[in-house]
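Visitor: What shape does this take:
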Amino acid sequence: MSDSLVIIPTYNEKENIEKIIRAVFQLEKDFNVLIIDDGSPDGTANIVKTLQNEFPDRLHLVERQGKLGLGTAYIKGFHWAIEHNYEYICEMDADFSHNPEDLVHLQNACLNGADLAIGSRYIDGVAVVNWPMGRILMSYYASKYVRIVTGMKIKDTTAGFKCYRRKVLETIDVDTIRFKGYAFQIEMKFRAWKYGFKIVEVPIIFTERKEGKSKMSGGIFNEAFWGVIKIKVKSWFKKYKKV
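Guide: Numbers count the residues shown, from 1 in each chain. As a prediction, this is how the structure comes out:
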């Protein structure tokens, strides 16, 4: 059995889901995949179920009723991963904005001592393809804003392409993470940082999706802006025991 799991949340990803699953299974390293599907009306889950006949031991599916949010999908996946004894637990989008080949680099960073490896768009300048300039600037300066407010030294604070060592997720009490969008990704990193886990950024190239519809919205950015302040203030009243 593989000790590495890739969690992929989905909502209406029928154009991408089979291709992304096959891309992960073709990697040189052995990753299993867990799809968390939020009741996609386009039949995404049915495609996964068909593929499970081909990959019965490597492909797993959790179906939820309704669109419950990215953060809760990952938390569901984290619990599943821990219950099934995975050591390396990755987050990845279904739309190929994250290159599956970079999973190997993220896991290697953890094998070489990192507790959390982040696929970073901004560690080597700006590595984003097919985004309008306005969105690039918004994302880049959002990360800078987060660094100023929180004190974290991470360049890509909103990144959603990551590999955790199991012990990180067991330590940071994921059930008390309150945010669902960009702020969820920030809060997870902030908790890991406050507990003193070793965080490494691995350079990646982020490519905007070619198929399917983006889930990005103004509300997600709004949550992140105010959420960062709430995360920081809340941390003043909590003691973090360094690991």
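Visitor: Could you check how many residues crowd around Gly77?
Guide: By the criterion of other C-beta atoms under 10 Å, Gly77 has 25 neighbours. (Glycine included, C-beta is placed from N, CA and C.)
Visitor: where's it, which helix or strand?
Guide: helix 70-83 (DSSP states H and E).
Visitor: now what about that helix, what contacts it?
Guide: 5, 7, 9, 34, 36, 38, 60, 62, 64, 89, 91, 160, 166, 169-170, 174-175, 177, 179-181, 184, 215 (C-beta atoms under 8 Å, 6 or more residues apart in numbering).
Visitor: Return the distance of stretch 234-241 from the chain's centre.
Guide: Centroid separation for stretch 234-241 versus its chain: 24 Å, with C-alpha atoms, centre = their mean, to the nearest Å.
Visitor: so of the contacts of helix 70-83, which ones are in helices?
Guide: Members of the contacts of helix 70-83 lying in helices (criterion: DSSP state H): Arg166, Leu169, Glu170, Phe184.
Visitor: Quickly name whichever of these is closest to Lys19.
Guide: Using C-beta to C-beta, Phe184 comes nearest to Lys19 of those, at 25.8 Å.
Visitor: buried residues in the helix holding Gly77?
Guide: If you call a residue buried by 16 or more other C-beta atoms under 10 Å, then helix 70-83 has these buried ones: Leu70, Gly71, Thr72, Ala73, Tyr74, Ile75, Lys76, Gly77, Phe78, Trp80, Ala81.
Visitor: could I get the residues you listed as JSON lines with pLDDT?
Guide: Converted to JSON lines, the buried residues of helix 70-83 look like this (pLDDT from 0 to 100):
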{"residue": "Leu70", "pLDDT": "89"}
{"residue": "Gly71", "pLDDT": "91"}
{"residue": "Thr72", "pLDDT": "93"}
{"residue": "Ala73", "pLDDT": "95"}
{"residue": "Tyr74", "pLDDT": "96"}
{"residue": "Ile75", "pLDDT": "96"}
{"residue": "Lys76", "pLDDT": "96"}
{"residue": "Gly77", "pLDDT": "97"}
{"residue": "Phe78", "pLDDT": "97"}
{"residue": "Trp80", "pLDDT": "98"}
{"residue": "Ala81", "pLDDT": "98"}
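Visitor: Return the member of those residues nearest to Met133.
Guide: For the buried residues of helix 70-83, the nearest to Met133 is Leu70 (25.2 Å; C-beta to C-beta).
Visitor: and the gap between the closest one and Thr44?
Guide: Distance of Leu70 to Thr44, computed by C-beta to C-beta, to the nearest Å: 15 Å.
Visitor: same check, this time on Ser120
Guide: 28 Å.
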